[in-house]
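Colleague: Got a sequence here, can you build the structure:
(one chain, ligands or ions: 1)
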Amino acid sequence: MGPQPYYGPDFGLLQRQDPELAQVLLDELERVRGGLQLIASENFTSPAVLAALGSTLTNKYAEGYPGRRYYGGCEVVDRAERLAVDRARELFGAEHANVQPHSGATANLAAYAALLQPGDTMLAMALQHGGHLTHGSKVNFSGRWFDVVSYGVRRDSELIDYDEVRELALRHQPKLIVCGATAYPRLLDFAAFRGIADEVGAWLLADVAHPIGLMAGGAIPSAVPYADVVTFTTHKTLRGPRGGGILCTAELAARIDRAVFPFIQGGPLMHAVAAKAVAFGEAMRPDFGEHTRQVTANARALCDALAAEGMRPVAGGTDTHLALIDLRDLGVSGAEAERRCAAAGITLNRNAIPYDPEPPAVASGIRVGTACATTQGMGPEELKEVGMLVAQAVRDPGAAPAVRERVAALLAIHQPYLSEY
Ligand SMILES: Cc1ncc(COP(=O)(O)O)c(C=O)c1O
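Modeller: Next comes the predicted model:
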């Protein structure tokens with residue numbers, strides 16, 4: 001028998017060599033295990049994904065694409081990227097996939113680079129109504145380099161106003177229409193966006209950074225049949241490593257690939273590409289479909305419980321993994337609610353609600369998501385209790401110790417990273 005194969009992670013070694021940094025890793029795990037994680041954009045990726053992330057593939061330079069690299073010795077990492085691309089295409093029924101974007105923001109940067117020139121007009125959802133910074137905010141490259149027209153949600157229903165989207169598209173003739181959001185709890189009508197894009201001859205980009213995992217698992221309808229380009233992140237509901245990806249039509253494949261490399265990135269992170277392949281493989285299993293249906297059922301249970309406690313769900317509820325809650329009736333700001341929940345062992349984020357009278361740093365709402373809790377094995381009954389605990393913590397700072405106790409009891413049964421998945 002030869003020597004033990006070396007495959008990567010050795011926590012004992014890190015502890016011996018760099019105890020200070022090793023302690024950070026331990027403390028973060030303890031933080032996560034010591035509280036409820038309701039941040040809608042987070043998840044607990046599998047140990048198998050973590051193993052690929054911690055592998056020696058991080059060492060390899062592989063500028064270019066499989067079979068067309070600018071470095072030697074890429075024949076092995078080529079296999080990782082081919083697996084990732086093939087799995088992504090099969091999982092989403094897409095004609096082409098690019099798995100190299102380092103993040104959701106760079107996936108969007110590449111998609112814009114493929115479709116637009118500086119100064120071109122694009123139509124996207126306003127940040128204040130749930131859109132993302134990369135959808136045209138002035139503090140982001142997208143708002144600086146493009147002529148951005150924004151649509152929002154209706155004041156009465158808090159749903160996207162498709163009449164407004166169409167009117168703005170007809171008036172401004174954008175070259176690109178972006179749909180997708182970071183804080184919109186309802187389904188998007190991709191067919192309506194497609195129809196509007198066709199009417200004005202615009203490209204349609206669906207940024208499904210958040211719900212991509214739900215689409216992979218079949219819990220909600222996919223954007224892929226409708227959009228020319230779909231950008232996504234791999235670390236939210238998809239439960240993979242931190243990173244981004246792009247799906248597109250065969251027609252746009254070469255443009256998208258050139259936009260990712262060499263236009264906006266250099267060498268791909270091959271350990272992350274390998275980990276994306278692992279995550280796509282996991283998402284292809286039938287149990288992932290079941291998991292995503294549980295995520296949405298849990299979000300409904302959480303949202304209903306919060307509503308029953310007088311915490312108003314924006315847009316009347318949720319169809320996805322997240323809910324946006326208007327706290328104005330309680331007289332507590334989003335920032336204060338975030339602090340009170342933290343003191344009670346519940347991590348969530350403040351969030352602007354549509355037509356928010358408060359500045360973003362204060363905000364009138366909170367955003368909650370159920371991806372982490374579902375990965376931990378919680379079901380609707382637990383999420384109902386979580387809703388009551390959030391309400392208690394937000395209403396009464398004095399309730400923090402009692403809420404913390406209940407949170408600890410829930411976590412004693414549902415610890416992340418205790419079972420294989
Ligand atoms: C809709 C949307 N697009 C893009 C991004 C950016 O992703 P990343 O943080 O990986 O750059 C996010 C992140 O929350 C998002 O919600």
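Colleague: Enumerate the beta-bridge partners assigned to the residue of the stretch 251-400 of the chain found nearest the ligand.
Modeller: Here the stretch 251-400 of the chain gets closest to the ligand at one residue, residue 322, 10.1 Å apart by CB to the nearest ligand atom. Every C-beta, even on glycine, is put in place using the N, C-alpha and C of the backbone. When bridges are called by DSSP bridges, residue 322 pairs up with residue 369.
Colleague: And residue 325, how far from residue 33?
Modeller: Residue 325 is 25 Å from residue 33, where distance means CB to CB, to the nearest Å.
Colleague: the more surrounded of these two?
Modeller: residue 325 (29 against 15; other CB atoms under 10 Å).
Colleague: what about that one, which SS state?
Modeller: Under DSSP: H, G, I helix; E, B strand; the rest coil, the three-state class of residue 325 is strand.
Colleague: Quick check: phi and psi on residue 77?
Modeller: phi -70, psi -30 (degrees, to the nearest 10).
Colleague: Assess the claim that it and residue 57 are in contact.
Modeller: Yes. The pair residue 77 / residue 57 is scored as a contact, 6.0 Å apart, by CB atoms under 8 Å.
Colleague: and for the two, which residues touch both?
Modeller: Both residue 77 and residue 57 are contacted by 270, 273-274, under the criterion CB atoms under 8 Å, 6 or more residues apart in numbering.
Colleague: Which among those count as buried?
Modeller: Among the shared contacts of residue 77 and residue 57, those buried by neighbour count (16 or more other CB atoms under 10 Å) are 270, 273-274.
Colleague: hang on, the earlier thing: where's the residue of the stretch 251-400 of the chain closest to the ligand relative to residue 174, distance?
Modeller: 27 Å.
Colleague: now do residue 33
Modeller: Per CB to CB, residue 33 is found 46 Å from residue 174.
Colleague: what does residue 121 give?
Modeller: Per CB to CB, residue 121 is found 4 Å from residue 174.
Colleague: hey, what's in contact with both of these two?
Modeller: residue 149.
Colleague: Look at the two and report which has more neighbours.
Modeller: The neighbour comparison of residue 121 against residue 174 (other CB under 10 Å) goes to residue 174, with 25 against 16.
Colleague: The more buried one contacts residue 200, doesn't it?
Modeller: Yes. Under the criterion of CB under 8 Å, residue 174 makes contact with residue 200 at 7.0 Å.
Colleague: Going along the chain, name the helices of the stretch 151-300 of the chain.
Modeller: Applying DSSP state H, counting those that start in this stretch to the stretch 151-300 of the chain gives helices spanning 162-172, 190-200, 212-217, 253-258, 270-283, 286-308.
Colleague: Show me what the second one is packed up against.
Modeller: Under the contact criterion of 3 or more CB pairs under 8 Å, 6 or more residues apart in numbering; DSSP states H and E, the helices and strands touching helix 190-200 comprise helix 162-172, strand 176-179, strand 203-207.
Colleague: Mean pLDDT added to these, as CSV?
Modeller: Below are these laid out as CSV (pLDDT from 0 to 100):
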stretch, mean pLDDT
helix 162-172, 98
strand 176-179, 98
strand 203-207, 98
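Colleague: Among these, show me which one is buried the most.
Modeller: Mean neighbour count (mean count of other CB atoms under 10 Å) peaks for strand 176-179 among the helices and strands packed on helix 190-200, with a mean of 27.
Colleague: same for that strand, what does it pack against?
Modeller: Here strand 176-179 touches strand 121-125, helix 190-200, strand 203-207, going by 3+ CB pairs under 8 Å, 6+ apart.
Colleague: can you redo the ones you listed as a markdown table with distance to residue 100?
Modeller: Below are those laid out as a markdown table (distance: least, CB to CB, whole Å):
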| stretch | distance to residue 100 |
| --- | --- |
| strand 121-125 | 23 |
| helix 190-200 | 25 |
| strand 203-207 | 17 |
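Colleague: Switch those over to a markdown table; also include distance to the ligand.
Modeller: A markdown table is the format used below for these (distance: least, CB to the nearest ligand atom, whole Å):
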| stretch | distance to the ligand |
| --- | --- |
| strand 121-125 | 9 |
| helix 190-200 | 15 |
| strand 203-207 | 5 |
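Colleague: Quick one: low-confidence residue ranges for this structure.
Modeller: Scanning the chain with the threshold set as pLDDT under 70 gives 1-3, 5, 419-421.
Colleague: Which residues of it lie near the ligand?
Modeller: For the chain, the residues in contact with the ligand (CB under 6 Å from any ligand atom) are 41, 103-105, 108, 132, 134, 180-182, 207, 209-210, 233, 244.
Colleague: just those residues now: which is nearest the ligand?
Modeller: Proximity of the residues of the chain next to the ligand to the ligand (CB to the nearest ligand atom) peaks at residue 104, which lies at 2.4 Å.
Colleague: and the gap between residue 11 and residue 17?
Modeller: Separation of residue 11 from residue 17 (CB to CB) stands at 11 Å.
Colleague: ok, which stretches of the stretch 1-150 of the chain are strands?
Modeller: For the stretch 1-150 of the chain, applying DSSP state E, counting those that start in this stretch gives strands covering 36-37, 64-65, 68-69, 96-98, 121-125, 147-151.
Colleague: tell me which element residue 385 is part of?
Modeller: Taking DSSP states H and E as the criterion, residue 385 maps to helix 380-395.
Colleague: Could you export the buried ones among the shared contacts of residue 77 and residue 57 to JSON lines, including columns for distance to residue 394?
Modeller: JSON lines is the format used below for these (distance: CB to CB, whole Å):
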{"residue": "270", "distance to residue 394": "44"}
{"residue": "273", "distance to residue 394": "41"}
{"residue": "274", "distance to residue 394": "41"}
